[in-house]
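Participant: Need coordinates for the below:
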Amino acid sequence: MKSKIVLRVLCLSATAFILFWIFIMSNQSADDSAEMSGKVGYTIAKVIKKDFEKLPEKEKQEYVEEIDHTVRKSAHFTEFAALGAFIMFDLCLFNIKKPLAAYFTVLSGFVFACLDELHQIFIPGRACMFTDVLIDTGGVALGCACALLLVIIIEAVKKRKHKKTAEN
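Facilitator: You can find the predicted model right below:
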């Protein structure tokens, strides 16, 4: 029982951290956000583009700018996928029935995505975009589905282990 309480606290803490992280990322000005995604894009370009380091600086910059949109949207999706996974874990740890937990996870993720986009209206150079809400909600849904699958697998393993123990 004590381990379940510790697990609940850890998962709730992770959820709070992810919410805070998303807020901090959305609170950056457009210039700061662009600089960060440019650095990430540069790192990704070194990995995926053959001979990237040998390109002239102008071509490097053009390539990084080409992939910038994908980098930004992938970051949105990934942050919210983590959020969806941990909300789902939280609800399952509090014994909420899985269909209801999944529904609430996606709904709350959608609401937070809307609030996140509204928050960006007040940040210099940032905008509120419904397409980002959809991307974020898609991330929440995928994170929720992955967490649900993991919970189902863990429960099946526990059930099988308990069944074997009972048979012996």
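
Participant: In the one helix or strand Ser74 maps to, which residues are buried?
Facilitator: Applying DSSP states H and E as the criterion places Ser74 in helix 57-93. For helix 57-93, the neighbour count (16 or more other Cβ atoms under 10 Å) marks 60, 63-64, 67, 71-72, 74-77, 79-93 as buried. Every C-beta, even on glycine, is put in place using the N, C-alpha and C of the backbone.

Participant: For the helix or strand where Lys164 lies, buried residues please.
Facilitator: Secondary structure assigned from DSSP H and E places Lys164 in helix 130-167. By neighbour count on 16+ other Cβ under 10 Å, the buried set for helix 130-167 is 132-133, 135-145, 147-148, 151.

Participant: Provide a list of residues in contact with the residue nearest to the spatial centre of the chain.
Facilitator: Note on the chain: the residue nearest the mean C-alpha position is Glu79, at 2.6 Å, using Cα atoms, centre = their mean. Glu79 sits next to 18, 21-22, 25, 136, 139 when contact means Cβ atoms under 8 Å, 6 or more residues apart in numbering.

Participant: Excluding chain neighbours, what is closest to Ala30?
Facilitator: Using Cβ to Cβ, 6 or more residues apart in numbering and skipping the chain neighbours, the partner closest in space to Ala30 is Gly125 (2.6 Å).

Participant: again but with Phe89, I slipped
Facilitator: Distances taken as Cβ to Cβ, 6+ apart put Cys11 closest to Phe89, at 4.7 Å, once the chain neighbours are dropped.

Participant: Hmm, Ala82 and Leu142 touching each other?
Facilitator: No - here Leu142 lies out of contact with Ala82, judged by Cβ atoms under 8 Å, at a distance of 10.2 Å.

Participant: quick check: mean pLDDT across stretch 21-39?
Facilitator: Averaging pLDDT along stretch 21-39 yields 93.

Participant: Tell me how far it lies from the chain's centre.
Facilitator: 15 Å (Cα atoms, centre = their mean, to the nearest Å).

Participant: Next, the buried residues of it.
Facilitator: The neighbour-count criterion (16+ other Cβ under 10 Å) identifies 22, 26, 28, 33-34, 37 as the buried residues of stretch 21-39.

Participant: mind listing which of those residues are in helices?
Facilitator: 22, 26, 33-34, 37 (DSSP state H).

Participant: for those, which one is nearest Glu117?
Facilitator: Distance from Glu117 was checked for each of those by Cβ to Cβ. The minimum falls on Ser26, at 8.2 Å.
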